[in-house]
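Sequence below, structure please.
(one chain, ligands or ions: 1)
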Amino acid sequence: MRGSRLALAIVIVALVAAFFAAGGQRYLSFDTVKAQQGALLDYYASHAWQTALGFFGVYVAVTGLSLPGAALMTLVAGAIFGLAWGTVIVSFASSIGATLAFLASRFLLRDWVQRRFGHALRALNEGIEREGAFYLFTLRLIPAVPFFVINLAMGLTPMRAPTFYWVSQVGMLAGTIVYVNAGTQLGAIESPSGILSPGLLGAFVLLGLFPLLAKKTLDLVKARRAFARWKRPARFERNLVVIGAGSAGLVSAYIAAAVRARVTLIEKHRMGGDCLNTGCVPSKALIKSARVLSEIRRAPQYGLKSASVEFDFADVMERVQRVVRTVEPHDSAARYTELGVECMQGEATIVSPWEVEVRLAGGETRRLSTRAIVIAAGARPFVPPIPGIEEVGWLTSDTVWGLRELPRRLVVLGGGPIGCELAQCFARFGSKVTQVEMLSRIMAREDPEISEMVMKKFREEGVEVLVGHKAKSFGIENGEKFMLVEHAGGEARIAFDALLCAVGRVANTEGYGLEALGVPVTRQRTVQTNEFLQTPYPNIYVCGDVAGPYQFTHTAAHQAWYAAVNALFGSLWKFRADYSVIPWATFTDPEVARVGLNETEARERGVRYEVSTYGMDDLDRAIADEEAYGVVKVLTVPGKDRILGVTIVGAHAGDLIAEFVTAMRHGLGLNKILGTIHIYPTLAEANKYAAGVWKRAHAPQRLLSALERLHAWMRG
Ligand SMILES: Cc1cc2nc3c(=O)[nH]c(=O)nc-3n(C[C@H](O)[C@H](O)[C@H](O)COP(=O)(O)OP(=O)(O)OC[C@H]3O[C@@H](n4cnc5c(N)ncnc54)[C@H](O)[C@@H]3O)c2cc1C
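The predicted structure follows:
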């Protein structure tokens, strides 16, 4: 296989080299073609079949070898053979040549590319498997994407060769006709001033408009296909209906009201959704109480002889609810009504692409008609179907807030952000916490040494962290709950009083009409959208946890802007959701914050990088605060100060990362951070010192040696 690959590569390189060595590009130039136009037409008049076959063969070779000149040859086909025959010849020759190039690229490069960049290409591969024919058709219709690039790139994807051939042939037909038609006019040009002939101008105007028309037509065809079986109301009562009043839904409704659209926001449970009621707000309130407790216990570290604290867990949980109640007005129906949003308490079901039925809290049902819909239905905790779990019962991030009694022994299933935040909290309050993670480390999205830093702290604080342990079953024996876990081929038994399931959150995609509409879900079980957050129904958009790929409040709000603006103004202009710089933080102690790539991801994606790290144990303020633990780790492009990604571990990492988020968002490099005054003594200085580490590693050594010599000379 390797030998035949090499042989084919040599043949292709030799043919391409021969083409250029023989001055092939000169023959395929406009001037040569014009000069030879008469001779070509004469030859065609006397040898019609030979000319056609010869032209066909050359066209296949040019396109198969990805040589420059296919577009010119298409014009020539029009000039020699006329519109009908020119189109037939070019259509088949270009499709065959394209398929040869596709096969060559596949044979020579696909395995290597998929091996090396498989991770980065996963989404693309999935897209091609799902809708490859449509993607290709669109690309073929739009002559702006170079022909040879499409052939070679598609060869690297999982698309089947027969599909590639027929889609290419059909997709290129319209463009071919336009080019060949332009060629027929080109043949009629006798002087340069002839270029301005109305016919040629018309042909090129058509060429220019074609991509736009093609795209619009395709969008219309797709929309018609989606809408075909539904009856469109004659008029709409609303511009937008938003389903779900969590972070994503609230922001969507707010934006719609701000631009004076008539918008209705429907919430079946509690305004504010997950973030306010069961997510960010209560968890951060609980973390704060646990942190205060931990600080008090660390009194001797601060030079205080002793400090003691008494607390009732129920009071702590009541405080959490008080915090939620204090924040609640920000997300309340009253506030949003004042902002111009119609708020409805009830369960929404999409009954047609333009109609939403609401089962109101009182039991009555209302049907709302709307031009557009934003789905912001969120996600819920996933509870794995492990044998016996029903018998022992479980808590999740939805229900844990109802606890008023501290569990003596708590098992936290899951080593992700939610599991880690809550495991540490409960341990600080005094539960004996066992955290069980199937993977080899907790916080598996972060680099191994980052996970290690958090795990070390957890263990120091008494959390029993069991990594590489898989929950096998649950049961109750003599009134005691237990869990069986598999580890390194063996089995262990863990007794507990309460189980907290934190193994991930699954998008809410069922039970409100998506099934009947036929809106597909992804492998990750989120609602499938395009880059505009649009479902196959062009007026139905999705944002927040239900859309993925991120599950954060700030990404939900970010997506909500795109969903609302596209839903309201998409017929004029649509915006692609921009995920280029997405930060996040896990609020453990130490906090872990990240933006952009970490080392693991850079390696997986084949991105070259350099690392600069600055240890928090060196920072004056961190030392003064007894927080001298953690790191600022910056990945940059080799030899440049351009930031690829940053991970910060330490106190207030979630706040510190903001400087790097701004830098990455606005293309500022480490030199700019180094050149910015940071207040002394602050934790934020760590960012500047990390930039300093990078700078020292890139100091101009030759210049410094020259300066050393200069100074020596000046000393005399
Ligand atoms: C414990 C925990 C801690 C977290 N901490 C953070 C953090 O620190 N930072 C961070 O950025 N993110 C955090 N998150 C994640 C964050 O809470 C979510 O990403 C965010 O709330 C998602 O918002 P959303 O609007 O997409 O969904 P949700 O907030 O879930 O809102 C969806 C709403 O839709 C409603 N709904 C669903 N179906 C219907 C229907 N048919 N009709 C009417 N209403 C419907 C639901 O009742 C719900 O209120 C945390 C999550 C958890 C669980």
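
How about the backbone phi and psi for the residue of the stretch 101-250 of the chain found nearest the ligand?
Nearest to the ligand in the stretch 101-250 of the chain, going by Cβ to the nearest ligand atom, is G246, at a distance of 2.1 Å. Placement of C-beta: from N, CA and C, glycine included. Per-residue torsions, G246: phi -90, psi -160 (degrees, to the nearest 10).

what's near enough to touch it?
G272, G273, D274, C275, L276, A376, G378, G544, D545, A556 (Cβ atoms under 8 Å, 6 or more residues apart in numbering).

Run a quick neighbour tally on R238.
Counted with other Cβ atoms under 10 Å, the neighbours of R238 add up to 20.

Over to G511?
By other Cβ under 10 Å, neighbour count at G511 equals 10.

Which of the three states applies to it?
Secondary structure assignment for G511 (DSSP: H, G, I helix; E, B strand; the rest coil): coil.

could you say which helix or strand contains the residue nearest to it when sequence neighbours are not counted?
Distance criterion Cβ to Cβ, 6 or more residues apart in numbering; nearest residue to G511, sequence neighbours excluded, is T349 at 8.0 Å. T349 is located in strand 342-352, with elements delineated by DSSP states H and E.

name the helices or strands packed onto the host helix or strand of V356?
Assigned by DSSP H and E, V356 belongs to strand 355-360. Contacting strand 355-360 under the criterion 3 or more Cβ pairs under 8 Å, 6 or more residues apart in numbering; DSSP states H and E are the following elements: strand 342-352, strand 365-375.

Which positions in it come out as buried?
E355, V356, E357, V358 (16 or more other Cβ atoms under 10 Å).

Quick check: of those, which lies closest to R291?
Closest to R291 out of the buried residues of strand 355-360 is V358 (41.9 Å), distances taken as Cβ to Cβ.

mind listing what the closest one touches?
I266, M344, G346, E347, A348, T349, T365, R366, R367, L368.

Return the set of residues that bridge with the residue nearest to G511.
Beta-bridge partners for T349, by DSSP bridges, are E357.

Tell me what angle the strand holding V356 forms with strand 342-352.
For strand 355-360 against strand 342-352, the angle by axes from the mean of the first three to the mean of the last three Cα atoms, to 10 degrees is 130 degrees.

ok, and the most crowded of the contacts of V358?
I266 (28 neighbours).

Which elements pack onto the longest helix anywhere in the chain?
Counting residues, the longest helix in the chain under DSSP state H turns out to be helix 70-105. On a contact count with 3+ Cβ pairs under 8 Å, 6+ apart, helix 70-105 meets helix 30-46, helix 48-64, helix 147-155, helix 161-187.

Just the mean pLDDT for the first one, thanks.
In this model, helix 30-46 has an average pLDDT of 82.

which outside residues touch it?
Contacts for helix 30-46 (Cβ under 8 Å, 6+ apart): R26, T51, A52, L72, L75, V76, A79, I80, F81, G187.

tell me the contacts of the spatially closest residue to M317 that is not a sequence neighbour?
Nearest residue to M317 in three dimensions, chain neighbours excluded: R404, at 5.7 Å (Cβ to Cβ, 6+ apart). The contact partners of R404, taken as Cβ under 8 Å, 6+ apart, are F313, A314, M317.

separation between R404 and D312?
Computed as Cβ to Cβ, to the nearest Å, the R404 to D312 distance reads 9 Å.

what do you get for E510?
Distance from E510 to D312, by Cβ to Cβ: 40 Å.

ok, and the most crowded of the contacts of G246?
Most crowded among the contacts of G246, counting by other Cβ under 10 Å, is G544 at 38 neighbours.

wait, doesn't it sit right on Y562?
No: using Cβ atoms under 8 Å, G544 makes no contact with Y562, being 11.3 Å away.

Quick check: residues of the stretch 551-700 of the chain near the ligand?
Q551, F552, T553, H554, A556, F587 (Cβ under 6 Å from any ligand atom).

Read off the pLDDT value for the spatially closest residue to the first one that is not a sequence neighbour.
In other words, Q551. Distances taken as Cβ to Cβ, 6+ apart place D545 nearest to Q551, at 4.9 Å, with adjacent residues excluded. Looking at D545, its pLDDT is 98.

D545 against G249, yeah?
No: counting by Cβ under 8 Å, D545 stays clear of G249, with 10.8 Å between them.

Quick check: the residue lying closest to F56 once chain neighbours are set aside vs the ligand, distance?
Nearest non-adjacent residue to F56, counting by Cβ to Cβ, 6+ apart: A93, 4.9 Å away. A93 sits 51 Å away from the ligand, going by Cβ to the nearest ligand atom, to the nearest Å.

got it, and E391?
25 Å.

wait, what's in contact with that residue?
Listed by Cβ under 8 Å, 6+ apart, the contact partners of E391 are F474, G475, I476.

Got a quick PyMOL command for the buried subset of those?
Those of the contacts of E391 that count as buried under 16+ other Cβ under 10 Å are selected in PyMOL with:
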select buried, resi 474
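
In strands, which of the contacts of E391 fall?
Among those, the members found in strands (DSSP state E) are F474, G475, I476.

how close does the second one sit to the ligand?
It refers to G475. According to Cβ to the nearest ligand atom, G475 stands 27 Å off from the ligand.

right, and that residue touches I389 too?
No: in this structure G475 lies outside contact range of I389 using Cβ under 8 Å: 9.9 Å.

Is A628 part of a helix or strand, or is it coil?
Under three-state DSSP, A628 comes out as coil.

How much space separates the nearest residue to Q301 once chain neighbours are set aside from T349?
Spatially, and ignoring its direct neighbours in sequence, Q301 is nearest to E626 (5.0 Å; Cβ to Cβ, 6+ apart). Counting by Cβ to Cβ, the gap from E626 to T349 is 55 Å.

swap in F313?
Taking Cβ to Cβ, one finds F313 at 40 Å from T349.

Just the closest of the ones in strands among the contacts of E391 to Y135, please.
Distance to Y135, by Cβ to Cβ, is smallest for F474 among the ones in strands among the contacts of E391, at 46.0 Å.

Quick check on G596: phi, psi?
phi 70, psi -150.

just the one 5 residues further on next, same as before
According to degrees, to the nearest 10, the main-chain angles of E601 amount to phi -70, psi -40.

Those residues of this structure touching the ligand, which are they?
243-249, 266-269, 273-275, 278-280, 283, 347-348, 376-379, 397, 418, 508, 512, 544-546, 551-554, 556, 587.

Go ahead and confirm T636 touches V607.
No: the pair T636 and V607 does not pass the contact test of Cβ under 8 Å, sitting 11.1 Å apart.

Are there residues contacting both of the two? Which ones?
L644.

who has more neighbours, the two?
Between T636 and V607, counted using other Cβ under 10 Å, T636 has the larger neighbour count: 22 against 16.

Against F117, how distant is the more buried one?
In terms of Cβ to Cβ, T636 sits 21 Å off from F117.

cool, and L136?
Here L136 is placed at a distance of 20 Å from F117 (Cβ to Cβ).

Those two: who's more crowded?
Set L136 next to F117 and count neighbours by other Cβ under 10 Å: L136 wins out with 22 against 16.

ok, for that one, nearest residue in space, not its chain neighbours?
Distances taken as Cβ to Cβ, 6+ apart put V167 closest to L136, at 4.7 Å, once the chain neighbours are dropped.

what's the burial count for the one you found?
Neighbour count for V167, taken as other Cβ under 10 Å: 22.

got the contact list for it?
A133, L136, F137, R140 are the contacts of V167 under Cβ under 8 Å, 6+ apart.

and if you look at R319?
If you count contacts by Cβ under 8 Å, 6+ apart, then R319 has A285, S289 around it.

so what pLDDT did it get?
98.

Identify the residue nearest M455 in space, chain neighbours excluded?
Nearest non-adjacent residue to M455, counting by Cβ to Cβ, 6+ apart: V465, 5.4 Å away.

Now for the one you found, how many residues are close by?
Neighbour number of V465 under other Cβ under 10 Å is 22.

Surely V649 is within a helix?
No: per three-state DSSP, V649 lies outside any helix segment and is strand.

list the buried ones in stretch 384-399?
Using 16+ other Cβ under 10 Å as the test for burial, stretch 384-399 gives I386, G388, I389, V392, W394, L395, T396, S397.
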